[in-house]
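Q: could you work out the structure for the sequence below:
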Amino acid sequence: MTELSRVDRLRRRWRDYRARLGFPDPVSGAGGSPTGLAARLNDVSSRAVILPPDPLRARIDFDDEFWAWWDEPREAPFGGQLMWNSTSPTVNAAVKVRKTGPGWSTYLALHRHGGVEVGTVDTYEAGDRRCFRLIRTVGLLWIALDHQVDAAERFGIEGPWEVTLALHDTEGCLLGEFGEGWAEPSRTVRPQAPCFDANVVVRKELETFPRAPEPIRDLAFRFGGRIDDAWGVRQRRFLDHRGEREGEFSARRWRL
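A: Below is the predicted model:
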């Protein structure tokens, strides 16, 4: 098999699996209703999935040893304890969940195929516009990437990998929740331009998954930068713009 044939086969496999989950298409931005774990959210605004070479292969058993590891208290890679309401199995994944009312508000999942997924209800109202939360989205992806590092090492899962981040129903919406020093949508004299894309989808292929903290952080930041790009902004507003932590991720504004 040629290298091109191998890559094409992997891309078809990943595309088909993402389509089953209701992810929008990375090229056209078109997409249907989210399915799978995201269907358990009260609503879905952003989600990400990390896929190994064969997402149809079940590699992980949810036995006592697994749950002892999965239930261990864990800090976010940028600091602060991650507090989940519950952990439980589903037919295809182990999940950690935050709940609001009868449904989920945020989940983080490790699939039996070894890939990690995260999803959340992640918007608020800024005037008469729906507004996506930049810091929270970048932080959740960073957490998913951090969990993926440990899972890949623990269960011996090799690449290549695909990482896809999707913000659903973004057309006409604003972007907010920035680092210190950036003007929020509700406070600007001239409102920022809304997003023109039906959905914002960012996809990246990785031959190997980075192990060290800095490359994982940089990968999360590249995705965050693409979100700012989708709103036509060159700056990286998930970083503080002033103060003692200028140029660093605005962790103090992040919440689960």
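
Q: which stretches of the stretch 51-200 of the chain have low pLDDT?
A: 187-191 (pLDDT under 70).

Q: in it, which spans are helices?
A: 64-70, 134-155 (DSSP state H, counting those that start in this stretch).

Q: out of those, flag the one nearest Val27.
A: Val27 lies closest, by C-beta to C-beta, to one member of the helices of the stretch 51-200 of the chain: helix 134-155, at 20.5 Å. Any C-beta I mention is one placed from the backbone N, CA and C, and that applies to glycine too.

Q: and the closest one, what's buried?
A: Using 16 or more other C-beta atoms under 10 Å as the test for burial, helix 134-155 gives 134-149, 151-152.

Q: elements contacting that helix?
A: If you count contacts as 3 or more C-beta pairs under 8 Å, 6 or more residues apart in numbering; DSSP states H and E, helix 134-155 packs onto strand 46-51, strand 103-111, strand 116-120, strand 161-167, helix 213-230.

Q: can I get it as PDB, trimmed to CA atoms?
A: Extracted in PDB, the C-alpha atoms of helix 134-155 (Å, rounded to 0.1, in the frame of the first residue of the first chain):
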ATOM      1  CA  LEU A 134     -13.300  31.300  24.000                       C
ATOM      2  CA  ILE A 135     -11.400  30.600  27.200                       C
ATOM      3  CA  ARG A 136     -13.600  27.700  28.300                       C
ATOM      4  CA  THR A 137     -13.400  26.100  24.800                       C
ATOM      5  CA  VAL A 138      -9.700  26.300  24.700                       C
ATOM      6  CA  GLY A 139      -9.300  25.000  28.300                       C
ATOM      7  CA  LEU A 140     -11.600  22.000  27.700                       C
ATOM      8  CA  LEU A 141      -9.700  21.000  24.600                       C
ATOM      9  CA  TRP A 142      -6.500  21.300  26.500                       C
ATOM     10  CA  ILE A 143      -7.900  19.000  29.200                       C
ATOM     11  CA  ALA A 144      -9.000  16.500  26.600                       C
ATOM     12  CA  LEU A 145      -5.500  16.500  25.000                       C
ATOM     13  CA  ASP A 146      -3.900  16.100  28.400                       C
ATOM     14  CA  HIS A 147      -6.200  13.100  29.200                       C
ATOM     15  CA  GLN A 148      -5.300  11.600  25.800                       C
ATOM     16  CA  VAL A 149      -1.600  11.700  26.500                       C
ATOM     17  CA  ASP A 150      -2.100   9.500  29.600                       C
ATOM     18  CA  ALA A 151      -4.600   7.100  27.900                       C
ATOM     19  CA  ALA A 152      -2.300   6.600  24.900                       C
ATOM     20  CA  GLU A 153       0.600   5.800  27.100                       C
ATOM     21  CA  ARG A 154      -1.400   3.600  29.500                       C
ATOM     22  CA  PHE A 155      -3.100   1.500  26.900                       C
END
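
Q: burial measure for Glu72, as a count.
A: Neighbour count for Glu72, taken as other C-beta atoms under 10 Å: 7.

Q: scratch that, Thr2
A: So Thr2, with other C-beta under 10 Å, has 7 neighbours.

Q: try Asp63
A: So Asp63, with other C-beta under 10 Å, has 8 neighbours.

Q: that one and Val138: what is the separation?
A: Distance from Asp63 to Val138, counting by C-beta to C-beta, to the nearest Å: 34 Å.

Q: same question for Glu158.
A: 27 Å.

Q: again with Ala193
A: The value you get for Ala193 to Val138, if C-beta to C-beta is used, is 20 Å.

Q: need the contact list for Pro213.
A: Pro77 (C-beta atoms under 8 Å, 6 or more residues apart in numbering).

Q: ditto for Trp69
A: Arg154 are the contacts of Trp69 under C-beta under 8 Å, 6+ apart.

Q: quick one: Ala94 and Trp70 touch, right?
A: Yes - the criterion here is C-beta atoms under 8 Å, and Ala94 meets it with Trp70 at 5.5 Å.

Q: count of residues packed around the closest residue to Ser33 other than its chain neighbours?
A: Nearest non-adjacent residue to Ser33, counting by C-beta to C-beta, 6 or more residues apart in numbering: Gly22, 5.5 Å away. Gly22: 18 surrounding residues under other C-beta under 10 Å.
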